[in-house]
Every structure is written in C-alpha cells, then in structure tokens.
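Enquirer: Predicted model, plus sequence, below.
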Amino acid sequence: SMKIHHAILVVAFLVLMKTAVSQSQDNDPMALCRDVFVSFMPCMGFVEGIFQQPSPECCRGVSHLNNVVKFTAPGSRQGNGELERVCICVEIMGNANHLPFLPSAINNLPLRCSLTLSFPISVAMDCSQFGNTKKLDAERLN
C-alpha cells in the first residue's frame, strides 16, 4: 500500500508541477520544490529523531516556509496553492527518506523553534485537502 501511496503522490506532484511550470517563465520543474527542500532539509535529522534539538538553520527554514504560506496573496499567481505545494514538497522529502518522521518530533518542532507552524508536517497525509482554502477555513471554524 505504501507503493500505491507513493505512486499517487508522484502523480499529484507531476500535476502540481505542470500547473506551476505553465504559470512560471522559468520552466525548471525542480523550481517547484527547491525552496522547500532547501528550507526543510536542515530539519530532517530532527524530525527523524536523530537529533534532540532542531538546528538554528532548521528553525530559520521553518520560519521562511511559514512566511511563504502566510504571505502569498490569494489573488496572486500561486494563489492559495502555496500551502498545498509546501505540504507536498515536505511529504516528498519524507517519502524519499529512509527514516520515518516521528510524530513526537514534529509536535516538538514549533516549541523548540519558538514558532507556530503555518503548514502541516505529517506522515502520509493528503495534501490535496489544502488545495481548497475555503474548506480549510470551514474546518478551522468547526
């Protein structure tokens, strides 16, 4: 079932990539996740449970991704797809990785970095749920 999940994720990534590429002048597909990979990479050791503390680089990266998600204007080209994009890119990192993310480490990350998370980090989540921000707002109100 992990294989199926991975295949679905790859397809979702390709669809997302196609959308992003058609909207950007720069037709480099890696550009879609590059900023997320660079920002979140320093956190991998911590969320995998290898390190007890997130590095300052990790906290800076998470803070940067928070800003990417929070400050992308709904009317802009990326629109509200930024939350979904960050979610999928982080999930790709998790799937490409040999060690699973630890829920306890993920929960500790905001605390240890003294920030709130504006994007989800979890294992095998459905990032497509963030494609519709109205639905997200409705869930937040309930």
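Expert: Cool, the structure landed.

Enquirer: For the helix or strand containing Glu82, which helices and strands make contact with it?
Expert: Here Glu82, judged by DSSP states H and E, is contained in helix 81-96. Counting contacts by 3 or more CB pairs under 8 Å, 6 or more residues apart in numbering; DSSP states H and E, helix 81-96 packs against helix 2-23, helix 31-40, helix 56-70. Yep, even glycine has a C-beta here, placed from its N, CA and C like the rest.

Enquirer: between the shortest one and helix 56-70, how many degrees?
Expert: For helix 31-40 against helix 56-70, the angle by axes from the mean of the first three to the mean of the last three CA atoms, to 10 degrees is 140 degrees.

Enquirer: which residues are in contact with the helix or strand that comes right after helix 31-40?
Expert: For helix 31-40, the succeeding helix or strand toward the C-terminus, using DSSP H and E, is helix 44-47. Under the criterion CB atoms under 8 Å, 6 or more residues apart in numbering, residues 51-55, 58, 93, 97, 101-102, 105-106, 109, 112, 121 lie in contact with helix 44-47.

Enquirer: at 7 Å what do you get?
Expert: 51, 53-54, 58, 93, 97, 101-102, 105-106, 109, 121 (CB atoms under 7 Å, 6 or more residues apart in numbering).

Enquirer: Pull out the buried members of the residues you listed.
Expert: 54, 58, 93, 101, 105-106, 109, 121 (16 or more other CB atoms under 10 Å).
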